[in-house]
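Colleague: Any chance you could fold what I've pasted below:
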Amino acid sequence: MNELSFLIFSLKELISSAKEMITNNIQIDEYCPNLPDYAIDFSKLEKDFSEEVQAMSNCMQNPFYHMEGDVWTHTKMVLEALVSLNGWQKLSIPHQTITFMASFLHDVGKPSMTRIEDDGKISSRGHGGRGAKIARVLLSEHFPDLSVKTRESIVQLVKAHAVAPNSFRNDPKRIAIRASHTTNCLHLYLMATADAMGRRTEIEDDLKESLNNTELFRMICEENNCLDVPYKFPSDHTRFFYFKKENVLPEYEIYDDTKFQVILMAGLPGAGKDHYINNNVNLPIVSLDNIRELMGVKATDNQGAVGQEATERAKIHLRKKESFCFNATSLTLLTRTKLIDLFYRYGASTQIVYIEPPLSVLHKQNESRKRVVPWDIISKLLYKMDFPTDLECHDLRLFCS
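Modeller: Predicted coordinates:
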């Protein structure tokens, strides 16, 4: 069974197992070590995440950077290093748990992304992004009552775990500011420090450079007041413009040239987008579900014609400089970026409204809909999705469990 098939299978099993798991009261903080000695129960991790641990154990790394061997050996060393850090021990228990679980999962994407390059070297490019998608599924499966906020705090750390030591390759201030709007940079700094401490290399200077770069990342975050909070821009439009354009100074307010607003709904099928609109939005609606119904297109059919029709309907409102609501799943960054860029070209700001109930609730809501979406499709969407951030839009509203 390949990786994607396994993930889809796991998500199908989630609905039937969620009730039992909640009854057993499985909590994510059970895995995080406590005082007095912060001893890590590796046997519990190996038992409860056996398939992932086995895959990491079987995945070898480039010996030049990882003389310690396989990914699981490295991960254990990282976890031991993390809990030894004074900075980690000073965190609150919820934040300790977030960084511990993110460190446990930080290389979970390596087994599926590791390959032998033409020069014979082992590489795993892209494993952070792949690992984030795997982590989202695993956390949803193992902890169905885990808040979306906590889940995504872990997922975003997995995705960005290599940012700190590599931030000096290009515009470190921008990288630090950007990271602060997707994750907690203090957590990122602690993870990166442990990641460097948790490996062995043929060249001692390589480790020193990683640790030095990570320290410089922390200093830049502190200088810009974004180590433990998002960087504060003079305005929402300045933030939006800064992440859209190069060579923009974040300290100075950019003139807001937007004239009206588009509400861009986002969320899995059955999440409750229509319910939100009915109770909170008094604007014209461009609805992909309605277009599908009018065109007789099923959720399993090619959606190209539906998307094209939705864009043309949106342009009618955009040409009039008329605020409206665009109602679609809008789950990937690429999809949202294309739409938001279109809206902005016509002079509109965008408010993203993202909705996500617990997965068990989502299943029930989907089954009660007039247009039921097959669960296989929802499972694939959960794996492929990019959680929205305020890097993308003028205003982000999250309605999550």
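
Colleague: Based on its surroundings, how many neighbours for residue 301?
Modeller: If you count neighbours by other CB atoms under 10 Å, residue 301 ends up with 12. C-beta: built from backbone N, CA, C; applies to glycine.

Colleague: what does the one 4 residues further on give?
Modeller: Residues near residue 305, counting by other CB under 10 Å, number 13.

Colleague: Does it belong to a helix, a strand or coil?
Modeller: Taking DSSP: H, G, I helix; E, B strand; the rest coil as the rule, one finds residue 305 in the helix state.

Colleague: what's near enough to touch the residue nearest the centre of the chain?
Modeller: For the chain, the residue whose C-alpha lies nearest the mean C-alpha position (CA atoms, centre = their mean) is residue 156; its distance is 4.3 Å. By CB atoms under 8 Å, 6 or more residues apart in numbering, the residues touching residue 156 are 132, 182, 183, 387.

Colleague: if we go to 10 Å?
Modeller: In this structure, residue 156 makes contact with 98, 102, 132, 135-136, 179, 182-184, 187-188, 387, 389, judged by CB atoms under 10 Å, 6 or more residues apart in numbering.

Colleague: ok now stretch 303-313, how far from the chain's centre?
Modeller: Centre-to-centre, stretch 303-313 and its host chain are 27 Å apart (CA atoms, centre = their mean, to the nearest Å).

Colleague: What residues sit buried inside it?
Modeller: 303, 306, 307, 309, 310, 313 (16 or more other CB atoms under 10 Å).

Colleague: And for stretch 364-373?
Modeller: Per 16+ other CB under 10 Å, stretch 364-373 contains these buried residues: 365, 366, 373.

Colleague: Serialize the residues you listed to JSON lines and add fields for pLDDT.
Modeller: Output for these, formatted as JSON lines (pLDDT from 0 to 100):
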{"residue": "365", "pLDDT": "86"}
{"residue": "366", "pLDDT": "83"}
{"residue": "373", "pLDDT": "79"}
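
Colleague: Closest one to residue 244 out of those, please.
Modeller: Relative to residue 244, the closest of these is residue 373; by CB to CB it sits at 32.4 Å.

Colleague: Count the residues that sit near the residue lying closest to residue 257 once chain neighbours are set aside.
Modeller: Counting by CB to CB, 6 or more residues apart in numbering, residue 257 lies nearest to residue 347, which is 6.7 Å off, once chain neighbours are set aside. As a burial measure, the neighbour count of residue 347 was computed by other CB under 10 Å and equals 12.

Colleague: Would you enumerate the residues in contact with residue 347?
Modeller: With contacts defined as CB under 10 Å, 6+ apart, the neighbours of residue 347 are 257, 258, 259, 260, 318, 321.

Colleague: what do you get for residue 224?
Modeller: Taking CB under 10 Å, 6+ apart, one finds 173, 176, 177, 180, 185, 231, 232, 250, 251 in contact with residue 224.

Colleague: If any of those residues are buried, put those into a PyMOL selection.
Modeller: Entered in PyMOL, the line below selects the buried ones among the contacts of residue 224, by 16+ other CB under 10 Å:
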select buried, resi 176+177+180+185+231+250
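
Colleague: Could you dump the contacts of residue 224 into CSV with secondary structure added?
Modeller: Shown next, in CSV, are the contacts of residue 224 (three-state DSSP):
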residue, secondary structure
173, helix
176, helix
177, helix
180, helix
185, helix
231, coil
232, coil
250, coil
251, coil
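
Colleague: returning to what we had before: pLDDT for the buried residues of stretch 303-313 - can I get that in JSON lines?
Modeller: Putting the buried residues of stretch 303-313 into JSON lines (pLDDT from 0 to 100) gives the following:
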{"residue": "303", "pLDDT": "80"}
{"residue": "306", "pLDDT": "91"}
{"residue": "307", "pLDDT": "90"}
{"residue": "309", "pLDDT": "95"}
{"residue": "310", "pLDDT": "95"}
{"residue": "313", "pLDDT": "97"}
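
Colleague: Can you pull the domain assignment for this protein?
Modeller: Using automatic domain parsing, the domain ranges for the chain come out as 3-223, 260-400.

Colleague: my guess is residue 176 meets residue 217, correct?
Modeller: Yes - counting by CB atoms under 10 Å, a contact exists between residue 176 and residue 217, whose distance comes to 6.3 Å.

Colleague: what is in contact with the two at once?
Modeller: In contact with both residue 176 and residue 217: 163, 164, 167, 185, 188, 227, using CB under 10 Å, 6+ apart.

Colleague: Show me the contact partners of stretch 66-74.
Modeller: When contacts are defined by CB under 10 Å, 6+ apart, stretch 66-74 is touched by residues 42, 45-46, 52-61, 63, 65, 76-77, 106-111, 114, 122, 124, 127, 195, 198-202.

Colleague: run the last query once more with 7 Å
Modeller: With CB atoms under 7 Å, 6 or more residues apart in numbering as the contact definition, stretch 66-74 has outside contacts at 53, 56-61, 77, 107, 110-111, 198-202.
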